[in-house]
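**Student:** Sequence and computational prediction follow.
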2 protein chains.
Amino acid sequence: MDRRAFLASLTAAAAPRSSQGGIVLNEDANHYFATRAGRRLTAAEVSSFIDQYAGTQVRDLFINVNAMRAGFRSKTRTSFFDGYDPSGPDNQPLFASASPSEAKAARAWVHLAWQLDQDGIDPYRLWLERARHHRIGAWVSVRMNDLHNVDDEKHYLHSEFWKTHPNLRRVPYRQDQRDKALDYLHPEVREHNFQFIEEVAARYSFDGIELDWMRFGFHFAAGREDEGAILLTDFHRRVRKLLGPKRRIAVRVPSRPETAQRLGLDAVAWAREGLVDIVTVTNFWRTVDNDMPIDLWRRLLPANVTLCAGLELGLNPFPGSTAAGGKPFQTNSIDTVRGSAAAYFHQGADRIYLFNYMDSQTAMDDNSTYPQLLRQVGELPTIRRHPRRHVVTYQDTWAPGEKAAYKLPIDVAANRWFSVRQPVGGETPNYRAAIRLGVRGADASAWEVRCNGIPAQFQRVESNLTPGPDTPVYRFSAKLNNPEAVIDAKPTAAGRVEWVEILLEL
Amino acid sequence: MDRRAFLASLTAAAAPRSSQGGIVLNEDANHYFATRAGRRLTAAEVSSFIDQYAGTQVRDLFINVNAMRAGFRSKTRTSFFDGYDPSGPDNQPLFASASPSEAKAARAWVHLAWQLDQDGIDPYRLWLERARHHRIGAWVSVRMNDLHNVDDEKHYLHSEFWKTHPNLRRVPYRQDQRDKALDYLHPEVREHNFQFIEEVAARYSFDGIELDWMRFGFHFAAGREDEGAILLTDFHRRVRKLLGPKRRIAVRVPSRPETAQRLGLDAVAWAREGLVDIVTVTNFWRTVDNDMPIDLWRRLLPANVTLCAGLELGLNPFPGSTAAGGKPFQTNSIDTVRGSAAAYFHQGADRIYLFNYMDSQTAMDDNSTYPQLLRQVGELPTIRRHPRRHVVTYQDTWAPGEKAAYKLPIDVAANRWFSVRQPVGGETPNYRAAIRLGVRGADASAWEVRCNGIPAQFQRVESNLTPGPDTPVYRFSAKLNNPEAVIDAKPTAAGRVEWVEILLEL
């Protein structure tokens, strides 16, 4: 630590911690347009969208205002509706690369965005105002390198800047999604994005701004992240200076400190230098990561920096896993979110950050529980009134050349022990515990199963858990006295373990 | 952080850092006996063993005094020569479970230990005195849970305490090596080991004592490490109180902070509470770990705590890898140690800690370079006068239920890129760089290979590298401008990559 960082960390450590608890909720830039398309909306209708979050545990609303394009008519980058002809057909040039059905849907939401702009309605502005009205923190979230649909170079979501600067991409010799991200080693890329932050800061009145580095997490040529980290820290100094002392700054970064640093996203350095106020650590998308080292992050960050545990919507135990009915994607339920939140609050998270948990479409498979979700998962006392499920998942973002580690699946053999660890939060003795093992190709009912050394007893076979795997699930009653559960099991035959869960019931 | 820990960390952070550089060298408890067996030694001869470390970069000698048994006649545990009958045959009861050849060798070194004791010569005491004479730090290292040969329950290395307390083992329902470790959750185990530390502290005059938690790294029932961590922190408070303010305390713990914490070895908590002065992070044994997050440890530990990068003797790229001639074990050479040391000094290590780098037998395959090793690898200026090799290896110690991640081997397919990352230290542009890929079953000479995005050029096929794999090695010239190297490669055919190395030549 240099002297400056050291002094900053002292100030930070001496200040009181903000009280634990609360939800941060991210609303993405076009979810509202997509789910309300086909109607002409008034300002009051648009504004009322926020009312569902009033009186809940949502403490801060993070209103995302861009993907690669801006969600509003921007002076510094292409907007969603730039190039849109309201009197043209669905297959007009903007949507030329989309299939007829995609073009129809896209046209409908882009039209709504265009219409609102025509009508002088800026939904983001209205939502920020309405959030403040409800005494909810009003934040703007800026995606720093969005890559939706880059497999289609002509897709309607792409900005002119990206399309006209293929030379600024981070891995020009490959064509994977992440290779096509803009490379912040180039000053043009930094300038392009800084100008957008300047524009947003001038345009909107907000409590804070989030720089969302997890859309999509990759910002530098592979192996040059050390150079990149220095540049990004300087970028954050500029942002702090731009916003001044009153407006706060948040960031989203990968779930593991080593991975974040090796991606050039040195949130610890930013926090110790006083450049950020909230750090959210999170998976990218496919699944919630239920084993983020939140306790380690808490130790690395100054005490006055708010640490959010970022929860994604998906719940997949491993890459390529399948849910009931063989479908490749499933979401968390209120039960599994309670599990994630309980474990992370126990490890020292200040808040739970929900990403892609929206009120429709991009939402939980059973979103009838959405109102309850917003009233339960942000505080330990409300979490503890209900059962919860702790499901083994995986980290989905790794730096180039890091080795990805997935706990599942496990190809097991007869009489050979295997072990799986899962954090389960504190006060576990107040619950009845059960272990659920989803196993393909073997009957696990006679397996020797232990939880933290104590034998577990087979109870029954379950099926069609939601969420759950498309294998039979073998349920064992267990005793649990610790904030971590280590399942040790000795199979009686070969098979494949595809799901491991600790269920806590009252 | 509670207030006490916080205040301790402030004091710690405010104190000046000890200057970077120097080697810590561990000499194990019976290496000397084993390598000098068959002779009658004088005190002067024994003492002179230390002279080879005078005038080198060895700053501290850590004299290990026990395995499961003590190396001296102990009041608190079994000694190496307890039960030994000097007039008995090789197959006397103490060695009954050993093969005739093992019994002969064992008897020879146990006899030497016994004879020295009979002659009133305590080698550890002499070495500590001689180290001080040479102005080398004189430390005692105590192994906290040694498990050599526990597959043979009647082995001559086992203590009476371990043999008579099978109920105190950490995993009584399994019989793997680590399962047979004593469980520090039991007060009897903590007391047994604390008494030994008391005895050592009373018996010897030393600058500091090391608690070697990495022999063998596992000290608690699986899943109960949170309870264990609290007990061990209290154990360390007792040790600090016992030793007082003048004698220093070191620990060895696993290479990754999460793993250390999940094994109940919370070195960060110990350091922040002022209970330890030196923290060494290290692999267990089979291979040096060339990707320990030293920079992360540096951030977690108070600035006045000395951070040592612990290097093991072995150099294996993955579990089950084979070296030239198909042999399963190979050691580092002076070139590869320079690589490890350069990378770790760059990341903020204060010192390099060499374990199992002894003057004979447990030594580098080519130990003719031992004198040079002791004079080069402890300081960046001497490292930088020579070429160095950065070899991809793996972390060999993981907490129960963690998922072990190994970068190698990689089963590659035609036209599918793969990536491997390796830290290589600073000032890399001063060197000529080459990439070495050991590949089984494919000719890699036409592969597209890049280092941090820059194309590398195939040079030639090498074979019989020492150390090296028993595959052909494809060498590519490369450019390197960063302290991390990310190798991106696109194979032309399927094969298995078993070795990845960055060679830096002057």
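**Tutor:** Great, that's in hand.
**Student:** Can you tell me the SS state at the closest residue to A:Gly348 other than its chain neighbours?
**Tutor:** Nearest residue to A:Gly348, sequence neighbours excluded (CB to CB, 6 or more residues apart in numbering or on different chains): A:Arg298, at 3.7 Å. (Each C-beta comes from the backbone N, C-alpha and C, glycine too.) Using DSSP: H, G, I helix; E, B strand; the rest coil, the structure places A:Arg298 in helix.
**Student:** Ok, A:Trp127 next?
**Tutor:** Per three-state DSSP, A:Trp127 ends up helix.
**Student:** That one contacts A:Ile63, correct?
**Tutor:** Yes - between A:Trp127 and A:Ile63 there is a contact under CB atoms under 8 Å: 5.3 Å.
**Student:** Show me which of those two is the more surrounded one.
**Tutor:** A:Ile63 (26 against 23; other CB atoms under 10 Å in any protein chain shown).
**Student:** doesn't A:Glu27 make contact with that one?
**Tutor:** Yes - A:Ile63 lies in contact with A:Glu27 (CB under 8 Å); the separation is 5.6 Å.
**Student:** Now do the shared contacts for the two.
**Tutor:** A:Trp127 (CB atoms under 8 Å, 6 or more residues apart in numbering or on different chains).
**Student:** does any part of the host helix or strand of A:Val251 sit near chain B?
**Tutor:** In the assignment (DSSP states H and E), A:Val251 maps to strand A:248-254. No - judged by CB under 8 Å from any CB of the partner chain, strand A:248-254 and chain B are separated, with a smallest distance of 13.6 Å.
**Student:** if I look at A:Ser79, how far off is chain B?
**Tutor:** From A:Ser79 across to chain B, the span is 33 Å (CB to the nearest CB, to the nearest Å).
**Student:** That residue: neighbour count?
**Tutor:** Using other CB under 10 Å, A:Ser79 has 20 neighbouring residues.
**Student:** leaving aside the residues next to it on the chain, what's closest to it?
**Tutor:** Per CB to CB, 6+ apart, closest to A:Ser79 is A:Ala70, 4.8 Å.
**Student:** residues in contact with the one you found?
**Tutor:** Taking CB under 8 Å, 6+ apart, we find A:Ala70 in contact with A:Thr76, A:Arg77, A:Thr78, A:Ser79, A:Phe80, A:Phe196.
**Student:** can you rerun that using 10 Å?
**Tutor:** A:Ala70 makes contacts with A:29, A:76-82, A:142, A:159, A:196, A:199-200, A:203, as judged by CB atoms under 10 Å, 6 or more residues apart in numbering or on different chains.
**Student:** Could you check the pLDDT of it?
**Tutor:** On pLDDT, A:Ala70 comes in at 98.
**Student:** Show me what it is bridged to.
**Tutor:** Taking DSSP bridges as the rule, A:Ala70 bridges to A:Asn66, A:Ser79.
**Student:** ok, it to chain B distance?
**Tutor:** According to CB to the nearest CB, A:Ala70 and chain B sit 30 Å apart.
**Student:** just A:Ser321 next, same as before
**Tutor:** Distance of A:Ser321 to chain B, computed by CB to the nearest CB: 15 Å.
**Student:** Now that that residue has come up, it's in contact with A:Leu408, right?
**Tutor:** Yes - between A:Ser321 and A:Leu408 there is a contact under CB atoms under 10 Å: 7.4 Å.
**Student:** Now for those two: what residues contact both?
**Tutor:** Counting by CB under 10 Å, 6+ apart, the shared contacts of A:Ser321 and A:Leu408 are A:Thr393, A:Tyr394, A:Gly438, A:Pro469, A:Glu498, A:Trp499.
**Student:** with the residues you listed in mind, which one is nearest to chain B?
**Tutor:** Nearest to chain B among the shared contacts of A:Ser321 and A:Leu408: A:Tyr394, at 8.5 Å, using CB to the nearest CB.
**Student:** Tell me which stretches of the stretch 101-250 of chain A form helices.
**Tutor:** With DSSP state H, counting those that start in this stretch applied, the stretch 101-250 of chain A shows helices at A:123-133, A:160-164, A:187-203, A:225-243, listed in chain order.
**Student:** With distance to chain B and mean pLDDT as extra columns, can I get these in TSV?
**Tutor:** Below are the helices of the stretch 101-250 of chain A laid out as TSV (distance: least, CB to the nearest CB, whole Å; pLDDT from 0 to 100):
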stretch	distance to chain B	mean pLDDT
helix A:123-133	33	98
helix A:160-164	19	98
helix A:187-203	16	98
helix A:225-243	6	98
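**Student:** Reformat those helices into JSON lines and put distance to A:Thr306 next to each item.
**Tutor:** Shown next, in JSON lines, are the helices of the stretch 101-250 of chain A (distance: least, CB to CB, whole Å):
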{"stretch": "helix A:123-133", "distance to A:Thr306": "17"}
{"stretch": "helix A:160-164", "distance to A:Thr306": "32"}
{"stretch": "helix A:187-203", "distance to A:Thr306": "20"}
{"stretch": "helix A:225-243", "distance to A:Thr306": "16"}
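**Student:** Single out the most deeply packed of these.
**Tutor:** Comparing the helices of the stretch 101-250 of chain A by mean neighbour count (mean count of other CB atoms under 10 Å in any protein chain shown), helix A:123-133 ranks first with a mean of 21.
**Student:** Would you state the strands of the stretch 401-506 of chain A in chain order?
**Tutor:** For the stretch 401-506 of chain A, applying DSSP state E, counting those that start in this stretch gives strands covering A:410-412, A:418-423, A:432-440, A:448-451, A:454-462, A:473-478, A:484-490, A:495-505.
**Student:** Show me which residues of the stretch 401-506 of chain A are close to chain B?
**Tutor:** A:401-408, A:410, A:417-424, A:426, A:448, A:450-455, A:480-488, A:490, A:500 (CB under 10 Å from any CB of the partner chain).
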